[in-house]
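[1] I'd like to go over a predicted model; first the sequence, then the structure.
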Number of protein chains: 2
Amino acid sequence: MTGTRRAGTQSLPFRSVAAKRRSPRLAISLDALDSHLGYFIRRVQIWVFQDFIRTMKPVDIRPAQFSALVVIGANPGLSQAELAATLAIERARLARLLHRLQARNLIRRLQSGDDGRRHALQLTPQGRTLLARAKTLAARHERRLIEKLGAAPHEMLLQALRDF
Amino acid sequence: MTGTRRAGTQSLPFRSVAAKRRSPRLAISLDALDSHLGYFIRRVQIWVFQDFIRTMKPVDIRPAQFSALVVIGANPGLSQAELAATLAIERARLARLLHRLQARNLIRRLQSGDDGRRHALQLTPQGRTLLARAKTLAARHERRLIEKLGAAPHEMLLQALRDF
DNA sequence: TATTGTTATACTCTATAACTATA
DNA sequence: TATAGTTATAGAGTATAACAATA
């Protein structure tokens, strides 16, 4: 609010040297990136997330939330630690994520009978209804991904990455 | 700082209902996630980033910074808009990212001669030296990824994702 | 002592919007 | 008007650390 704010060339201490390029570059080389799988995985991942989030707009569910709902729905009673391990989400982050799902009345956290530390997770009826809708939307997203990749590569990737 | 802070069961309004599960679950079902490529891509991506960041510790370079340095190194004089489009990074984010690289004296932003709006990007000598070292480290990371995936699937994935 | 879950902090990433300057 | 770059903001993701309750 109170900070000085200047736009433009503020951070350009080398203005005296003029660059020579004049026409838009035709092809930009990726150089070493071209052999780095992680670079391409990241790009696909960005596309997937963007398309997924757009597709899930009607139910307002993000990728991590979706994965949590699906796994809770298929494994009622599992603990937060189990869920965190399954999804490779930090316990700390999962706590906040679940708190929000609970606030939307999509899940319940029951205290486990024989271990007071554990929370047994389960969907509420409302959560089940929303999850069903979300799965339909997610399937639509997946069809788009298959379309973009081709069915054979899609299946191939699934096989290759499932047991990474 | 001043907020009330209680730990534990604060957000558990359903404590009266006890859960039945008693022994650790043997296998947790992924259910619908198992057919969603995006889920597995995300997991691999997390592994890749973690390993990459750990590997690059000696040069303190993050994935996005590395990709920027590589592309600038291979395409000296390109503009921020071109770089942003190439790497699929937001212009706004790229500005901050480059600002930091410039502060570390790894890149320079020269004002373009024929278009006062453009910044022609290039590496400093120090940037070139660091990039060389970073590329060596990145290759080491890639070898680890190949080891984990298998050489054939790695190449397969590269082919499939390059022109996504 | 170790585990489960919570809170806090700090930084990065993603997505927008508003702004300056240049074209 | 449109484009290049900057700044601000808000939300999400990532990584730690510290803590209470329970085992």
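    Nice, I can see it. Quick caveat: nothing in here was measured; it's all calculated off a predicted structure.

[2] got any ranges where chain A has weak pLDDT?
    Screening chain A residue by residue with the criterion pLDDT under 70, one finds the ranges A:1-25.

[3] tell me where it has strands.
    Taking DSSP state E to define them, one finds strands in chain A at A:107-111, A:119-123.

[4] now these in CSV, with distance to residue B:122?
    Where you see a C-beta, it was placed from the backbone N, CA and C, and this is true even at glycine. Output for these, formatted as CSV (distance: least, C-beta to C-beta, whole Å):
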stretch, distance to residue B:122
strand A:107-111, 52
strand A:119-123, 53
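
[5] nearest to DNA strand D among the ones you listed would be which one?
    Nearest of these to DNA strand D, taken as C-beta to the nearest atom of the strand: strand A:107-111 at 8.4 Å.

[6] what comes into contact with the top helix by length along chain A?
    Selection of the longest helix in chain A by residue count, based on DSSP state H, yields helix A:125-149. If you take C-beta atoms under 8 Å, 6 or more residues apart in numbering or on different chains as the criterion, helix A:125-149 is touched by A:47-48, A:51-52, A:55-56, A:58-59, A:61, A:66, A:69-70, A:72-73, A:101, A:105-107, A:123, A:154, A:157, B:32, B:35-38, B:160, B:164.

[7] and residue A:75, how many residues sit next to it?
    By other C-beta atoms under 10 Å in any protein chain shown, the residues close to residue A:75 number 21.

[8] ok, now how distant is the most centrally placed residue in chain A from residue A:130?
    For chain A, the residue whose C-alpha lies nearest the mean C-alpha position (C-alpha atoms, centre = their mean) is residue A:63; its distance is 4.2 Å. Residue A:63 is 15 Å from residue A:130, where distance means C-beta to C-beta, to the nearest Å.

[9] mind listing the helices for chain A?
    With DSSP H, the ranges of helices along chain A come out as A:37-55, A:63-74, A:80-87, A:91-103, A:125-149, A:151-162.

[10] the fourth one packs against which elements?
    In this case it means helix A:91-103. Using 3 or more C-beta pairs under 8 Å, 6 or more residues apart in numbering or on different chains; DSSP states H and E as the contact criterion, the neighbours of helix A:91-103 among helices and strands are helix A:63-74, helix A:80-87, strand A:107-111.

[11] can you check what angle separates that helix from strand A:107-111?
    Orientation of helix A:91-103 against strand A:107-111 (axes from the mean of the first three to the mean of the last three C-alpha atoms, to 10 degrees) gives an angle of 110 degrees.

[12] and helix A:91-103, what's buried?
    For helix A:91-103, burial by neighbour count (16 or more other C-beta atoms under 10 Å in any protein chain shown) applies to A:94, A:97-98, A:101-102.

[13] so what touches that helix?
    A:64-65, A:68-69, A:80-81, A:83-84, A:87, A:89, A:107-109, A:121, A:127, B:11.

[14] near DNA strand D, from these?
    Counting by C-beta under 7 Å from any atom of the strand, A:64, A:89 from those sit close to DNA strand D.

[15] drop anything exposed from the contacts of helix A:91-103.
    Among the contacts of helix A:91-103, the ones that count as buried (16+ other C-beta under 10 Å) are A:65, A:68-69, A:80, A:83-84, A:87, A:89, A:107-109, A:121, A:127.

[16] what's stretch A:43-60 in contact with?
    With contact meaning C-beta under 8 Å, 6+ apart, stretch A:43-60 is reached by A:62-63, A:66, A:130, A:133-134, A:137-138, A:140-141, A:144-145, A:148, B:37-38, B:41-42, B:45, B:88, B:161, B:164.

[17] intersect these with the contacts of DNA strand D.
    When the contacts of stretch A:43-60 are checked against DNA strand D using C-beta under 7 Å from any atom of the strand, the ones in range are A:62-63.

[18] give me the buried entries from the contacts of stretch A:43-60.
    A:63, A:66, A:130, A:134, A:137-138, A:141, A:145, B:37-38, B:41-42, B:45, B:161.

[19] circling back: so for chain B, which of the strands of chain A sits nearest?
    When those are compared by C-beta to the nearest C-beta, strand A:119-123 sits nearest chain B, at 3.1 Å.

[20] distance from the chain centre to the closest one, please.
    In terms of C-alpha atoms, centre = their mean, to the nearest Å, the centre of strand A:119-123 is set 22 Å apart from its chain centre.

[21] what's the angle from that strand to strand A:107-111?
    What separates the directions of strand A:119-123 and strand A:107-111 is an angle of 150 degrees, with the same axes, to 10 degrees.

[22] packing partners for strand A:119-123?
    helix A:63-74, helix A:80-87, strand A:107-111.
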